[in-house]
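*Asks:* below is the structure, and that's it, no one-letter string:
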């Protein structure tokens, strides 16, 4: 019996010998430049205040003062093309963490990264998990059994590679005629749209199917086979960083045009979004249905429809970020819907499991009843039920079952350890917290829990090691001041 090896990714440069013009053009797009090592970009020196903390950026380093100490940390990688902004990652012992500052292009300023606006002190221990890198980099290399540790190179190719939209290329490189690459434009609409939606659709909640990981999605497959996406009804003004797909779907243009209108109608993925080619393609798409002569009001002959009907607008989930509104609105001042807390399925199949996990993800207590009858009651369901459980014995049993399925689940390790400690089982609790710190050494709760039950000397070493990963932790510095060594 003949065995055929599956195609694997080989990187965008393998495309250059046959497609040099496309590779060169695509390399200038925001998608191709959405991540990379810090040395690939130029950072001007800056001094600024973000979330009440004074920072300086110089020589690819971020510096600040905390508790009288001068702290300098490397800015190892960037995330974001710079079209809307750029955030930055810190690497310690190959563990990746998000830095709390972002450069915002629209306002040409530095400020707190999204989600850090209300933080007190400087937090340097936000783990960067593989799902975080999925839309910004290619060939991510996570280390099994950890939350946020990666190979020497966390991703082999910065930005969105050719293979993210055209499929893995190893077989095509060996025999181009026998092994064709995926051309999204020729796929059936659901498969075609899945290629764009893998990164430009997040919804309000994205729930992976049992046993599937979104990072495994490949062009030519159905995205709904990997995840179900839920959205809440919101007003037109509520624009999110990656709400392009759902915004377009809600537009009158999409509802009337159906599958004829898709991302590729206006966008040339191999050209810069701000190029004349893309602007011309967008205008041509508008005029294919709407005659300019029928538009009310006087217009300059060079004015394009998108400048008014698809303006760049502030987002509600990305700090000072500004993106194009794909709702194609006619009346900007008149919302077409009232906001709602109810979730509806946008892509995929809604059932008790997916809807329950979605509500749990949003902190909505409607999750409990849905998850209680979810099928399958897999580890993810049991984990969420455990966090909602008020009976310690039942919660412990649920966490234990989660860890039998996934021994490296950090939430289960930390929370079950706390339940064991509460019941007086300190050795078992310490073992779980040690395991949690092996998956991610900057889990603050596990660090301070261990420090309470270990000897003074051991506790000091635990806190000092934690400060190597999160040197901005004021709590850790205060703990060392309150527990001086011999």
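*Replies:* Yep, it's here. From a predicted model like this one, the values you see are computed outputs, not experimental measurements.

*Asks:* may I see the buried residues of the strand or helix carrying residue 73?
*Replies:* In this structure, residue 73 sits in strand 69-74 according to DSSP states H and E. The neighbour-count check on strand 69-74 (16 or more other CB atoms under 10 Å) flags 73, 74 as buried. The way it works is simple: take the backbone N, C-alpha and C, and place the C-beta from them, glycine included.

*Asks:* what distance separates it from the centre of its chain?
*Replies:* Averaging C-alpha positions (CA atoms, centre = their mean, to the nearest Å) puts strand 69-74 27 Å from its chain's average.

*Asks:* pull out the buried residues from stretch 139-146.
*Replies:* Neighbour counts over stretch 139-146 (16+ other CB under 10 Å) mark 139, 140, 141, 142, 146 as buried.

*Asks:* so which of those residues belong to strands?
*Replies:* Counting by DSSP state E, these place 139, 140, 141, 142 in strands.

*Asks:* wait, the first one touches residue 155, no?
*Replies:* Which is residue 139. Yes. Contact criterion CB atoms under 8 Å: residue 139 and residue 155 qualify, at 5.8 Å.

*Asks:* where in the chain is pLDDT low?
*Replies:* Applying pLDDT under 70 to the chain flags the ranges 1-5, 234-242, 273-275, 292-302, 314-322, 331-339.

*Asks:* repeat that for 50
*Replies:* Filtered on pLDDT under 50, the chain yields the residue ranges 1-3, 298, 333.

*Asks:* domains of it?
*Replies:* For the chain, the structural domains run 33-159, 377-482, going by automatic domain parsing.

*Asks:* so which of those gets nearest residue 311?
*Replies:* Among those, the nearest to residue 311 by CB to CB is domain 33-159 (12.2 Å).

*Asks:* now that closest one: how far from the chain's centre is it?
*Replies:* Centroid separation for domain 33-159 versus its chain: 13 Å, with CA atoms, centre = their mean.

*Asks:* dihedrals phi and psi, the residue lying closest to residue 74 once chain neighbours are set aside?
*Replies:* Nearest non-adjacent residue to residue 74, counting by CB to CB, 6 or more residues apart in numbering: residue 61, 5.8 Å away. The phi/psi pair for residue 61 (degrees, to the nearest 10) reads phi -130, psi 150.

*Asks:* just the element for the most centrally placed residue in the chain, please.
*Replies:* Residue closest to the average C-alpha location in the chain (CA atoms, centre = their mean): residue 132, at 3.6 Å. Here residue 132, judged by DSSP H and E, is contained in helix 130-133.

*Asks:* who are the packing partners of that helix?
*Replies:* With contacts defined as 3 or more CB pairs under 8 Å, 6 or more residues apart in numbering; DSSP states H and E, helix 130-133 has these neighbours: strand 137-142.

*Asks:* so the very next helix or strand once past the strand it packs on versus strand 137-142, what angle?
*Replies:* Per DSSP H and E, the first helix or strand lying C-terminal to strand 137-142 is strand 150-158. Going by axes from the mean of the first three to the mean of the last three CA atoms, to 10 degrees, strand 150-158 is angled at 170 degrees with respect to strand 137-142.

*Asks:* quick check: buried residues in strand 150-158?
*Replies:* By 16+ other CB under 10 Å, the buried positions in strand 150-158 come out as 150, 154, 155, 157, 158.

*Asks:* doesn't residue 458 make contact with residue 485?
*Replies:* No. Using CB under 8 Å, residue 485 is not in contact with residue 458, being 11.3 Å away.

*Asks:* just checking, residue 363 is part of a helix?
*Replies:* No. According to DSSP: H, G, I helix; E, B strand; the rest coil, residue 363 belongs to no helix; its state is coil.

*Asks:* so residue 11 makes contact with residue 161?
*Replies:* Yes. The pair residue 11 and residue 161 qualifies as a contact (CB under 8 Å) at a distance of 6.6 Å.

*Asks:* joint contacts of those two?
*Replies:* Any residue near both residue 11 and residue 161 by CB atoms under 8 Å, 6 or more residues apart in numbering counts here, and that gives 138, 139.

*Asks:* helix or strand: which one has residue 230?
*Replies:* Per DSSP H and E, residue 230 falls inside strand 227-232.

*Asks:* what's the following helix or strand after that strand?
*Replies:* helix 244-250.

*Asks:* how about the closest residue to residue 195 other than its chain neighbours, what does it touch?
*Replies:* Once flanking residues are discounted, residue 195 sits nearest to residue 184: 4.4 Å by CB to CB, 6+ apart. With contact set as CB under 8 Å, 6+ apart, residue 184 has these partners: 165, 166, 191, 192, 195, 196, 219, 264.

*Asks:* from residue 168, how far off is residue 184?
*Replies:* In this view, residue 184 and residue 168 are 15 Å apart by CB to CB, to the nearest Å.

*Asks:* please apply the same query to residue 181.
*Replies:* With distances taken as CB to CB, residue 181 is found 9 Å from residue 168.

*Asks:* residue 190 too?
*Replies:* Distance of residue 190 to residue 168, computed by CB to CB: 21 Å.

*Asks:* just the strands in the stretch 351-486 of the chain please.
*Replies:* Using DSSP state E, counting those that start in this stretch, no strands are found in the stretch 351-486 of the chain.

*Asks:* ok, back up a step: now the two most distant members of the buried residues of stretch 139-146.
*Replies:* 139 and 146 (17.6 Å).

*Asks:* wait, residue 479 touches residue 447, no?
*Replies:* No. Using CB under 8 Å, residue 479 is not in contact with residue 447; the gap is 9.3 Å.

*Asks:* more neighbours: which of those two?
*Replies:* Under the criterion of other CB atoms under 10 Å, the comparison of residue 479 against residue 447 puts residue 447 first, with 26 against 19.

*Asks:* tell me the contacts of that one?
*Replies:* The contact partners of residue 447, taken as CB under 8 Å, 6+ apart, are 437, 462, 463, 466, 476.

*Asks:* may I ask which of those residues has the most neighbours?
*Replies:* For those, counting by other CB under 10 Å, the largest number of neighbours falls to residue 466: 25 neighbours.

*Asks:* just checking, that residue touches residue 440?
*Replies:* No. The criterion here is CB under 8 Å, and residue 466 misses it with residue 440 at 11.1 Å.

*Asks:* overlap of the contact sets of those two?
*Replies:* Contacts common to residue 466 and residue 440, judged by CB under 8 Å, 6+ apart, are absent.

*Asks:* on that earlier part again, now the residue nearest to residue 195: how far from residue 88?
*Replies:* Residue 184 is 31 Å from residue 88, by CB to CB.

*Asks:* with distance to residue 26 added, can I get the ones in strands among the buried residues of stretch 139-146 in CSV?
*Replies:* Output for these, formatted as CSV (distance: CB to CB, whole Å):
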residue, distance to residue 26
139, 17
140, 20
141, 23
142, 26
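
*Asks:* of the buried residues of stretch 139-146, closest to residue 313?
*Replies:* The shortest approach to residue 313 among the buried residues of stretch 139-146 belongs to residue 140, at 30.6 Å (CB to CB).
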